[in-house]
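>>> just coords:
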C-alpha cells in the first residue's frame, strides 16, 4: 500500500494520546490531587482568606477539587407576605481543579451569584493543563484571578464599559450638526 506511513503516524499519535490519558489519571491519583489540596491550604493560611476545600469524587477519573468562598445571605429577600420574607442566598464564587475525560486538568472560576435574582454566569476557564504543568506559582495566579473576578462582581458598576456608542443626552447634543448645516 502506498502512502500508509501517514496513517501509521496517525495511529502512533492516537496510541500515545491514549497512553497519556492513563498516565495523567495515575498522576492525579498518586500525587497531584494531594499537592493541589496542600498548596490551596497553604495559600488560605498565608492570606487569611476564609474558604473551604472539598473533593468531589463521585465520578472516578472525573474528580474535582473545589475551593469555595462559601454562601451567605445576600441581604436581598423575596416578600412572601407583609410578615414573611424569603432570604436570597449568595454563592460567593469558587476555584475548581477538575479532571477531564482525558486526564488533563481544567481550572475554572465559578462566579458569585444570587439564587433567584439572576442567572448564574457560565464558569470562566482559566486553562487546561497536563498534570506536570500545574505548579505552585500558577496556583497563586489562579487564586489572584479568582480574587479579581469576585471583587469585580462585588463592586459591579458600568464604569469599565466603553461609552462610544451611547447617544448623548442634554445641552450639547445637536450643536455640531447645526453648525455643519448652517
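Okay, I see it. In this text, all values refer to a predicted model and were calculated from it rather than measured experimentally. Numbers count the residues shown, from 1 in each chain.
>>> from here on, contacts and neighbour counts on C-alpha atoms
OK.
>>> so how many other residues sit close to residue 33?
19 (other CA atoms under 10 Å).
>>> which residues touch it?
The contact partners of residue 33, by CA atoms under 8 Å, 6 or more residues apart in numbering, come to residue 65.
>>> could you say which helix or strand contains it?
In this assignment (DSSP states H and E), residue 33 forms part of helix 33-47.
>>> Ok, residue 153 next?
Using DSSP H and E, the element containing residue 153 is helix 136-154.
>>> next one: that helix to chain centre, how far?
The gap between where helix 136-154 is centred and where its chain is centred comes out at 9 Å by CA atoms, centre = their mean, to the nearest Å.
>>> got the buried residues for it?
Taking 16 or more other CA atoms under 10 Å as the neighbour-count basis, helix 136-154 is seen to contain the buried residues 139, 142-143, 146-147, 149-150.
>>> Show me what it is in contact with.
39-40, 43, 92-95, 109, 111-112, 126.
>>> Could you double-check that residue 96 sits in contact with residue 107?
Yes. Applying CA atoms under 8 Å as the test, residue 96 and residue 107 come out as touching, 5.5 Å apart.
>>> where does the chain have low pLDDT?
1-2, 158-182 (pLDDT under 70).
>>> Tell me where the longest helix sits in it.
helix 4-27 (DSSP state H).
>>> how about the residue nearest to residue 57 when sequence neighbours are not counted, what does it touch?
Here the nearest residue to residue 57 in space, its sequence neighbours aside, is residue 63; by CA to CA, 6 or more residues apart in numbering that works out to 4.7 Å. By CA under 8 Å, 6+ apart, the contact list for residue 63 reads 55-57, 98-99.
>>> In strands, which of those fall?
In strands, defined here by DSSP state E, the members of the contacts of residue 63 are 55-56, 98-99.
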